[in-house]
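*Asks:* What follows is a predicted protein model with its sequence.
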Amino acid sequence: MTEPRNTLPAATADGAALALDQATRDRLEAAFLAARAEGGATMATLRIATASIGKAHELAGEANPCPDRIVKTAMQGLARQARALDAEAVAAIRGALNGQADRLPAALTVAICSVMAESGLRRSEAAALRWCDLEPAGNGSARLTVHRSKTDQLGDGAVVALTSQAVADLDRLASLTGTGWGTDAPVFGLSDRQIARRIAAAARRAGLGDGFSGHSGRVGTAQRMTRNGAPAAAVMRQGRWSTVRMVARYTRHEAAGEALKYLQRRCTVKTIRQKIRQLVPFALALTVLATLPAAAQTVDEALTAFKRGDYATALRGFRTLAEQGDAIAQLGLGGMYSVGKGVPQDDVEAVRWYRRAAEQGDATAQYALGYMYDKGKGVPRDFAEAARWWRLSAEQGFAFAQFELGAMYQKGKGMPVTRDPAKKYAEVVRWWRLSAEQGHTSAQFELARLYEFGYGVPQDGAEAVRWYRRAAKQGHARAQFRLALMYDRGNGVPKDAAEAAHWYGRAAEQGR
């Protein structure tokens, strides 16, 4: 009898050690993955789990079970099992809870299912949703702003549509919670895992069976829109997909034959990215509005009004002082035009007011104007002009501008051409260090990478670890992952499997 390969001791009920052969461990891992999926874990989380299991076996000197067929088969089955939360499923859930419609738990469940089935929100996006992200759009419908998502790490923002039915479900929820549209309160008040479990439980209660998860809404959105004749570009905008591949996967039955050919022919990645870039730069506008100081009582009142969703009052306050030449009010008014709240969204008008404030030397306005030139919003795209305004802001110590200016040097955008890498990276290091020292996490992460790989600075693992740690402690997922690797490899720090596991886990919690 041959010895089982790579046996691993496991504790039995009576405390004795039991040697598990490879096949048994493979089955245990497959069962573990299935249990995690039942508990609401996404495929991204399961993939991270398999990677962590493989790393743990490697550190223990054991063979990695993840590549074996039984584990691969289990993962493939889990990847296929997410069922569509479409209009019919939502109707069934609403019907099952009809007798409790005026109770908060039922109203919350129906609102979650209704909104996610129409908007294509990821469960993390639904957990982060606030009432001020919702805006009535006429005919009983609404617009929902997704400020940041997995495929939009820069936070350019996206706007998706909700029908009158979802709006009615939200209105019922608002009446029961005592909150309302325009406030900064969370809409659902649940974590992403709680949302996934609530959807799965509601589907089972409605007699729909298993297979529903936090991802089911995205599948349902894609299938529903495709069945109703929506072109792929519209489906991709609603779900914030960057390629047609995922749309084709979710709608392979609905979009068979000619429809799939149409998707592949007409909707290129380039076209969709161009569409997305035309959306409101939410991250910029919110940065502008968040950094406004209270220079006068009127400006303070206008900012307070904006934060509580009273855009008419905010507009009056900002415009009155802006027209009198107040730079802070001009900056605030430009932010409102960028976001399109209280006024029609208008990049040209936003640029006009940003410029008036920037020309008075306001560092935030200079940063905002540089952003508009960098993205080509309201002005022709001009990297040199973007760099000019970012330099003016950076020289005043504005951390966001310092980071962007360093990135311009690093990419060679908007800067005089130089064939001397040392000169180029000296500027990169200079501006990223200034930004990093003010706590800008992306600057800290990029500076750490320069030290890790020796670009523009002597290669220094300890210094890389120092900057990775500062960014990681602020929640920067990529920094957490790189810091875990540094501990795993003993680069810049003594090799420490426990510390590596800690930071791998922190990164995994964010899906990295």
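*Replies:* Arrived safely, thanks for sending. Numbering: from 1, shown residues only.

*Asks:* Any idea how far apart the tips of stretch 376-384 sit?
*Replies:* End-to-end distance for stretch 376-384, by CA to CA, to the nearest Å: 12 Å.

*Asks:* Just the buried residues of stretch 361-374, please?
*Replies:* For stretch 361-374, a neighbour-count test (16 or more other CB atoms under 10 Å) marks 362-374 as buried. C-beta: built from backbone N, CA, C; applies to glycine.

*Asks:* can you list contacts of it?
*Replies:* 281, 284, 287-288, 291-292, 327-328, 330-331, 334-335, 338, 347, 350-351, 354-355, 357-358, 377-379, 381-383, 385-390, 392-393, 396-398, 400-401, 404 (CB atoms under 8 Å, 6 or more residues apart in numbering).

*Asks:* Write the PyMOL selection for whichever of those are buried.
*Replies:* The buried residues among these can be selected in PyMOL (16+ other CB under 10 Å) with this line:
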select buried, resi 281+284+287+288+291+292+327+328+330+331+334+335+338+347+350+351+354+355+357+358+377+378+379+382+383+385+386+387+388+389+390+392+393+398+400+401+404
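
*Asks:* So which of the contacts of stretch 361-374 sit within strands?
*Replies:* The members of these all map outside strands under DSSP state E.

*Asks:* To what extent is A384 buried, counted in neighbours?
*Replies:* 12 (other CB atoms under 10 Å).

*Asks:* Any figure for the gap between it and G492?
*Replies:* 38 Å (CB to CB, to the nearest Å).

*Asks:* before we move on, what about E499?
*Replies:* Distance from E499 to G492, by CB to CB: 12 Å.

*Asks:* Likewise for Q438?
*Replies:* Per CB to CB, Q438 is found 23 Å from G492.

*Asks:* A363 now?
*Replies:* Counting by CB to CB, the gap from A363 to G492 is 34 Å.

*Asks:* Give me the buried stretch members for the helix or strand hosting Y451, please.
*Replies:* Y451 belongs to helix 441-453 when elements are defined using DSSP states H and E. Neighbour counts using 16+ other CB under 10 Å place T441, S442, A443, Q444, F445, E446, L447, A448, R449, L450, Y451, E452 of helix 441-453 among the buried residues.

*Asks:* ok so, going back, the buried residues of stretch 361-374 into JSON lines, with extra columns for distance to Q223?
*Replies:* JSON lines is the format used below for those (distance: CB to CB, whole Å):
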{"residue": "D362", "distance to Q223": "48"}
{"residue": "A363", "distance to Q223": "48"}
{"residue": "T364", "distance to Q223": "44"}
{"residue": "A365", "distance to Q223": "45"}
{"residue": "Q366", "distance to Q223": "46"}
{"residue": "Y367", "distance to Q223": "42"}
{"residue": "A368", "distance to Q223": "40"}
{"residue": "L369", "distance to Q223": "43"}
{"residue": "G370", "distance to Q223": "42"}
{"residue": "Y371", "distance to Q223": "37"}
{"residue": "M372", "distance to Q223": "38"}
{"residue": "Y373", "distance to Q223": "41"}
{"residue": "D374", "distance to Q223": "37"}
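
*Asks:* if we look at stretch 169-176, which residues are touching it?
*Replies:* 101-104, 107-108, 110-111, 114-115, 131, 134, 142, 162, 180-181, 187.

*Asks:* give me that answer again for 10 Å
*Replies:* With contact meaning CB atoms under 10 Å, 6 or more residues apart in numbering, stretch 169-176 is reached by 90, 94, 101-115, 118, 131, 134, 140, 142, 144, 162-164, 179-181, 183, 185, 187-188.

*Asks:* which of those are buried?
*Replies:* Neighbour counting over those (16+ other CB under 10 Å) leaves 90, 94, 106-115, 118, 131, 134, 142, 144, 162-163, 179, 181, 183, 187-188 as the buried ones.

*Asks:* Surely S119 touches C113?
*Replies:* No: applying CB atoms under 10 Å as the test, S119 and C113 come out as separate, 11.3 Å apart.

*Asks:* and for the two, which residues touch both?
*Replies:* A166, G217.

*Asks:* Against G406, how distant is V429?
*Replies:* When V429 is compared with G406 (using CB to CB), they lie 8 Å apart.

*Asks:* Overlap of the contact sets of those two?
*Replies:* A436, E446, L447, L450.

*Asks:* which two from the residues you listed end up farthest apart in space?
*Replies:* Greatest spacing in the shared contacts of V429 and G406, by CB to CB: A436 and L450 (10.4 Å).

*Asks:* okay, and the common contacts of the two?
*Replies:* Common neighbours of A436 and L450 (CB under 10 Å, 6+ apart) are G406, V429, W467.

*Asks:* Which members of those occur in helices, if any?
*Replies:* G406, V429, W467 (DSSP state H).

*Asks:* any idea how far the last one is from G454?
*Replies:* Spelled out, that is W467. Taking CB to CB, one finds W467 at 14 Å from G454.

*Asks:* Please enumerate the helices of the stretch 251-400 of the chain.
*Replies:* Under the criterion DSSP state H, counting those that start in this stretch, the stretch 251-400 of the chain contains helices at 258-266, 269-277, 282-290, 297-307, 311-322, 327-339, 347-358, 363-375, 383-394, 399-411.

*Asks:* Could you point out which of those sits nearest A203?
*Replies:* In terms of CB to CB, the element of the helices of the stretch 251-400 of the chain nearest to A203 is helix 258-266, at 27.4 Å.

*Asks:* Which one's more surrounded, V429 and G406?
*Replies:* It is G406, of V429 and G406, that has more neighbours when counted by other CB under 10 Å, with 28 against 21.

*Asks:* So which of the shared contacts of V429 and G406 is the closest to E125?
*Replies:* Nearest member of those to E125, counting by CB to CB, is E446, at 26.1 Å.

*Asks:* and the closest residue to that closest one other than its chain neighbours, how many residues sit next to it?
*Replies:* Nearest residue to E446 in three dimensions, chain neighbours excluded: W432, at 5.5 Å (CB to CB, 6 or more residues apart in numbering). Using other CB under 10 Å, W432 has 30 other residues around it.

*Asks:* got it, and R489?
*Replies:* 12.

*Asks:* show me the contacts for it.
*Replies:* Listed by CB under 10 Å, 6+ apart, the contact set of R489 reads G461, K495, A500.

*Asks:* Among the residues you listed, find the lowest-pLDDT one for me.
*Replies:* Lowest pLDDT among the contacts of R489: A500, with 87.

*Asks:* Just say helix, strand or coil for that one.
*Replies:* Taking DSSP: H, G, I helix; E, B strand; the rest coil as the rule, one finds A500 in the helix state.

*Asks:* residues in contact with A448?
*Replies:* 432, 436, 463-472, 476, 478-479, 482-483, 486, 492.

*Asks:* nope, D310 is what I was after
*Replies:* G182, E301, A302, T304, R316, G317, G342 are the contacts of D310 under CB under 10 Å, 6+ apart.

*Asks:* if we go to 8 Å?
*Replies:* Counted by CB under 8 Å, 6+ apart, D310 has contacts G182.

*Asks:* Against E509, how distant is it?
*Replies:* 36 Å.
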